[in-house]
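Colleague: Sequence and predicted model, in that order:
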Amino acid sequence: MSSIAAVILAAGAGTRMKSVLPKVLHEIGGRPMISHLLAAVESLDPSKVVVVTAPGMASVRKAVEPADIAVQKKALGTGHAVAAALDSLEGFEGDVLILYGDTPLIETATLRQMIEKRRAAEKCAVVVLGFEPDDPAEYGRLVTDDAGNLTAIVEYADADAAERGIGLCNSGVMAIDGRQLSALITAVGNDNAKGEYYLTDIVEIANRRGLTCAYVKGAEQELLGVNTRAQLAEAEKIAQGRWRAKAMAEGATLIDPDSVWFSHDTKLGRDVVIEPGVFFGPGVTVGDNVRIKAHCHLEGTTIGAGAQIGPFARLRPGADIAEEVKIGNFVEIKKSEIEKGAKVSHLSYIGDSRIGEGANIGAGTITCNYDGFDKFRTDIGAGAFIGSNTALVAPVRIGAGAIVGAGSTITEDVDANALALERSTTRQKTGWAKRFRKLKEKITN
Ligand code: UD1
Ligand code: MG
């Protein structure tokens, strides 16, 4: 689809979120709402994307790079916000999509349908995305004529009882003929209940000028507007439902789908099994035939084919887990390469490390990677065996095939195939425990 521009309105204060963070930066699936919109629009290959922000929203400007930014100096309404974007669209004659930054679940297919409808009739200036929510609440209402053309949008505050009875509502998303946009927007006034410049007025204006307007019906699930934290949670749930369904459709087993939480970018291979209570933060890729057991937390990690993770494992950014690796319970891994077939089965912290192929890390092993100022690396060779409760004080290297005795604190490099042992001699006093008990019994009786 050639010649599409998109304008995303994000200048509203979002006061009902009760947050210092601008509303459009609140996240769904680990990604700001506005980035979901940008992704939906990006699939249409637009020649221009303009985001309208309020003055000073530096964090929003950064999040939407490289989109154009238009600054709306004062929030005087949605029509006024689109007017702020007109300079950026100067000379653009294609179709302009208007989206609201707080309506993040819209899908590309719906946008495409709107553009197609706009292009189907030369005189059609505006296509509005309508929907029929269970509770029409305070949404604007779409007024249509007998032929099904859209003649006006009436804002709730300005609607009479009959108009409030209309079930077809305005989602806010529009496709507008770029050749008409500027003339329509500059004709919008603010003589209404809120004293705002309503974008929605362009429908009546276009009709008065002998142009036509139409609507496309969308699903309520796609058009939820996020104004409160409760609605943010609702939007998250809808997005999670989509990702769970997609994971299963592509060949993953989710034993309890509702308890698995994905990020927008989670990638799963075939025949992956995910047990209940698993949370995926951003940046996780899982290979084929991996089993992730119950209650794991993963982010920024890659897991190779056939690996087994958990239960209760935490894989943090930079954990690079190769094929056939086994990560067991209460193991935390950060910024480390765990090579093919290695095992870290119980109660360990592995950070800034390489664990060589087939190495075995005993229960309770800790890589001491931080001295309070800097981080240091631990390197463990292929086939090495690290006994339980070992502290590896980095920087340190354990050679391939070496064995470290349980309970050691290793501060020097260990040669390949050597035994390293750091432990005091056990002292034994024959019969001492028996004598001790007898003495105690005498005192207490
Ligand atoms: C708007 C529509 C209403 C529709 C509803 C759908 C108008 C006049 N009304 O109402 O018909 O049913 O959305 O959710 O358009 N914004 C700015 N600058 C402004 C005002 C708003 O950028 O001066 C942005 C907001 O950040 C937000 C979007 O525009 O992303 C919508 O604004 P909002 O105030 O939420 O409009 P609604 O009252 O919900
Ligand atoms: Mg709104």
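Modeller: Arrived safely, thanks for sending. Ligands and ions are numbered 1, 2, ... in the order given.

Colleague: residues in contact with L76?
Modeller: Residues near L76 by CB atoms under 8 Å, 6 or more residues apart in numbering: 190, 196-197. Backbone N, C-alpha and C define where each C-beta goes, glycine included.

Colleague: Which of those are buried? Put it as a ChimeraX command.
Modeller: Buried subset of the contacts of L76, written as a ChimeraX selection, criterion 16 or more other CB atoms under 10 Å:
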select :196,197
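
Colleague: out of the contacts of L76, who's nearest ligand 1?
Modeller: For these, the minimum distance to ligand 1 (CB to the nearest ligand atom) is 6.6 Å, reached by E196.

Colleague: you'd agree the closest one is up against G12?
Modeller: No - between E196 and G12 there is no contact under CB atoms under 8 Å: 11.4 Å.

Colleague: tell me the contacts of Y156?
Modeller: Y156 is in contact with 137-141, 164, counting by CB under 8 Å, 6+ apart.

Colleague: Tell me the pLDDT of it.
Modeller: What the model reports as pLDDT for Y156 is 96.

Colleague: any idea how far stretch 60-77 is from the chain center?
Modeller: Here the centre of stretch 60-77 is set off from its chain's centre by 21 Å, with CA atoms, centre = their mean, to the nearest Å.

Colleague: Return the alpha-carbon coordinates of it using PDB.
Modeller: Listed next in PDB are the C-alpha coordinates belonging to stretch 60-77 (Å, rounded to 0.1, in the frame of the first residue of the first chain):
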ATOM      1  CA  VAL A  60       8.100  10.100  24.500                       C
ATOM      2  CA  ARG A  61      10.100  11.800  21.700                       C
ATOM      3  CA  LYS A  62      13.000   9.400  22.500                       C
ATOM      4  CA  ALA A  63      10.700   6.300  22.500                       C
ATOM      5  CA  VAL A  64       9.200   7.000  19.100                       C
ATOM      6  CA  GLU A  65      12.400   7.800  17.200                       C
ATOM      7  CA  PRO A  66      12.800   8.200  14.200                       C
ATOM      8  CA  ALA A  67       9.200   9.400  13.800                       C
ATOM      9  CA  ASP A  68       8.500  13.100  13.200                       C
ATOM     10  CA  ILE A  69       7.500  15.000  16.300                       C
ATOM     11  CA  ALA A  70       4.800  17.700  16.200                       C
ATOM     12  CA  VAL A  71       4.300  19.700  19.400                       C
ATOM     13  CA  GLN A  72       0.800  20.700  20.400                       C
ATOM     14  CA  LYS A  73       1.500  23.600  22.700                       C
ATOM     15  CA  LYS A  74      -1.800  23.400  24.600                       C
ATOM     16  CA  ALA A  75      -4.200  20.400  24.700                       C
ATOM     17  CA  LEU A  76      -7.200  22.100  23.100                       C
ATOM     18  CA  GLY A  77      -8.700  18.900  21.700                       C
END
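
Colleague: Spatially nearest residue to the closest residue to ligand 1 within the stretch 51-200 of the chain, not counting backbone neighbours?
Modeller: Proximity of the stretch 51-200 of the chain to ligand 1 (CB to the nearest ligand atom) peaks at G140, 2.3 Å away. Distances taken as CB to CB, 6 or more residues apart in numbering put N170 closest to G140, at 3.8 Å, once the chain neighbours are dropped.

Colleague: isn't that neighbour right up against P133?
Modeller: No - checked against CB under 8 Å, the pair N170 and P133 is beyond contact range at 10.8 Å.

Colleague: anything in contact with each of the two?
Modeller: Common contacts of N170 and P133 (CB under 8 Å, 6+ apart): Y139.

Colleague: between the two, who's got more neighbours?
Modeller: Comparing N170 with P133 by other CB atoms under 10 Å, the one with more neighbours is N170, at 24 against 14.

Colleague: and the strand or helix carrying the more buried one, C-alpha only, in CSV?
Modeller: Using DSSP states H and E, N170 sits in strand 169-177. Extracted C-alpha coordinates of strand 169-177, given in CSV (Å, rounded to 0.1, in the frame of the first residue of the first chain):
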residue,chain,number,x,y,z
CYS,A,169,-19.4,4.3,18.7
ASN,A,170,-16.3,6.2,17.6
SER,A,171,-13.0,4.4,18.3
GLY,A,172,-11.0,7.5,17.3
VAL,A,173,-9.2,5.9,14.4
MET,A,174,-9.7,7.5,11.1
ALA,A,175,-8.4,7.3,7.5
ILE,A,176,-8.5,10.7,5.8
ASP,A,177,-7.9,11.8,2.2
